[in-house]
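# have a look at this fold, sequence not included:
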């Protein structure tokens, strides 16, 4: 629901970093977005496309690549790691309670440019 | 040229949240972030909680809503300092909005700050406000499938209030089924079935809050 403001935050962060490094054209920005991050990748891509054009150099025209990260639990009792998307945070092996170790990412992984 | 960044997009929010937490800790305040759907009974729970604890503890409230000051008026009527945040359509509170609200509050001597988030089970789960505990308010009329549909909120919750148990007989929902669904995504959360309307079950919830406050001091 708040993908536009996230898209703007990505653009601001990458633009600032690229300017500092003297990069004039960003070609590609890669994100890691968790299954439980409450973010819709299509909306984020749309927001990025529109707002990066409006932002101009160096991000205008950059491609956004979104790597999805599945939700993953780690059992506090036996250490077993398992996909949490469907089962939730109850260990399927021993029934112990687990904590979420992946799936809430909303990270700028890297960008490419010259 | 590839540049590694590896930085959360929410880093700016997290930094402000951390500053809020430092501020709460310095003032000896225990802060709770209440998350739940519109109409789950968050404000009713705040009202009941304030009424139950205000003679024993010093309370303050922040009310988050897209529009209107209705909730802040309801809570302020109980005689506790209350600040309304209007997000003007925004779907969640963020740490900066809370920091702004704190500018208008004197937290000296406050034991418990209740922050009622915007009614939404999705977006607020991603924004740290600087609270010590996140509490999800789920009403039985919403059905037992909500934890599975909104796992991020439940996995983050220290406690889950299952509200409106006085309406159970009017629904097809079974309390054990709701509890089991909550347990799947918040295996360590304390669970409080209660009715903010009738007051049933409020004692266990208020005891939990009181213990958390004591543990914080």
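On my side now, so go ahead. These numbers were taken from a predicted model, which means no experiment stands behind them. Numbers count the residues shown, from 1 in each chain, chains lettered A, B, ... in the order given.

# show me where chain B has its strands.
Along chain B, counting by DSSP state E, strands occupy B:2-8, B:30-36, B:59-65, B:82-86, B:112-116, B:133-139, B:159-163, B:190-193.

# nearest to chain A, out of these?
For chain A, the closest of those is strand B:2-8, at 4.4 Å, according to Cβ to the nearest Cβ. Any C-beta I mention is one placed from the backbone N, CA and C, and that applies to glycine too.

# any residue of that closest one up close to chain A?
Yes - using Cβ under 8 Å from any Cβ of the partner chain, we find that strand B:2-8 touches chain A at B:2-8.

# neighbouring contacts of that strand?
Contacts to strand B:2-8, defined as Cβ atoms under 8 Å, 6 or more residues apart in numbering or on different chains, come from residues A:13-14, A:17-18, A:21, A:23, A:105-113, B:14.

# ok, back up a step: would you list the strands of chain B in JSON lines and tack on mean pLDDT and mean neighbour count?
Converted to JSON lines, the strands of chain B look like this (pLDDT from 0 to 100; neighbours: other Cβ atoms under 10 Å in any protein chain shown):
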{"stretch": "strand B:2-8", "mean pLDDT": "93", "mean neighbour count": "13"}
{"stretch": "strand B:30-36", "mean pLDDT": "98", "mean neighbour count": "27"}
{"stretch": "strand B:59-65", "mean pLDDT": "96", "mean neighbour count": "25"}
{"stretch": "strand B:82-86", "mean pLDDT": "96", "mean neighbour count": "21"}
{"stretch": "strand B:112-116", "mean pLDDT": "98", "mean neighbour count": "26"}
{"stretch": "strand B:133-139", "mean pLDDT": "98", "mean neighbour count": "27"}
{"stretch": "strand B:159-163", "mean pLDDT": "98", "mean neighbour count": "26"}
{"stretch": "strand B:190-193", "mean pLDDT": "98", "mean neighbour count": "19"}
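
# would you format these as CSV with distance to residue A:69 included?
Listed next are the strands of chain B as CSV, based on distance: least, Cβ to Cβ, whole Å:
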stretch, distance to residue A:69
strand B:2-8, 13
strand B:30-36, 23
strand B:59-65, 29
strand B:82-86, 31
strand B:112-116, 29
strand B:133-139, 21
strand B:159-163, 25
strand B:190-193, 29
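
# contacting residues around residue B:12?
residue A:9.

# scratch that, residue B:45
Contact partners of residue B:45, counting by Cβ under 8 Å, 6+ apart, are B:34, B:137, B:161, B:163, B:194, B:196.

# from those residues, which are also near chain A?
Answer for these near chain A: none qualify (Cβ under 8 Å from any Cβ).

# the residue of chain A positioned farthest from its centre and chain B: what is the separation?
In chain A, the greatest distance from the average C-alpha position (Cα atoms, centre = their mean) is reached by residue A:94, at 31.3 Å. Distance of residue A:94 to chain B, computed by Cβ to the nearest Cβ, to the nearest Å: 12 Å.

# that residue - that's part of a helix, no?
No - per DSSP: H, G, I helix; E, B strand; the rest coil, residue A:94 lies outside any helix segment and is coil.

# who's the residue nearest the centre of chain B bridged to?
Centroid-nearest residue in chain B, with Cα atoms, centre = their mean: residue B:34, separated by 0.8 Å. Going by DSSP bridges, residue B:34 is paired in beta bridges with residue B:116, residue B:135.

# residue B:148 versus that one, what's the distance?
According to Cβ to Cβ, to the nearest Å, residue B:34 stands 21 Å off from residue B:148.

# do the same with residue A:8
For residue A:8, the distance to residue B:148 - Cβ to Cβ - is 31 Å.

# show me which residues of chain B sit near chain A.
By the rule Cβ under 8 Å from any Cβ, the part of chain B lying against chain A is B:1-10, B:12, B:90-92, B:120, B:122-123, B:125-126, B:147-148, B:151-152, B:155, B:183-188.

# out of those, which are buried?
The neighbour-count test (16 or more other Cβ atoms under 10 Å in any protein chain shown) marks B:3, B:5, B:9-10, B:90-92, B:120, B:122-123, B:125-126, B:147, B:151-152, B:155, B:183-187 as buried among the residues of chain B next to chain A.

# what is the burial count for the closest residue to residue B:174 other than its chain neighbours?
Using Cβ to Cβ, 6 or more residues apart in numbering or on different chains and skipping residues adjacent in sequence, the residue nearest residue B:174 is residue B:144, 7.4 Å away. The burial count assigned to residue B:144 is 21, neighbours taken as other Cβ atoms under 10 Å in any protein chain shown.

# which residues touch residue B:144?
Going by Cβ under 8 Å, 6+ apart, residue B:144 touches B:173-174, B:177-178, B:180-181.

# tell me the phi and psi of it?
Dihedral angles of residue B:144 (phi, psi; degrees, to the nearest 10) stand at phi -90, psi 0.

# what's the spacing between it and chain A?
13 Å.
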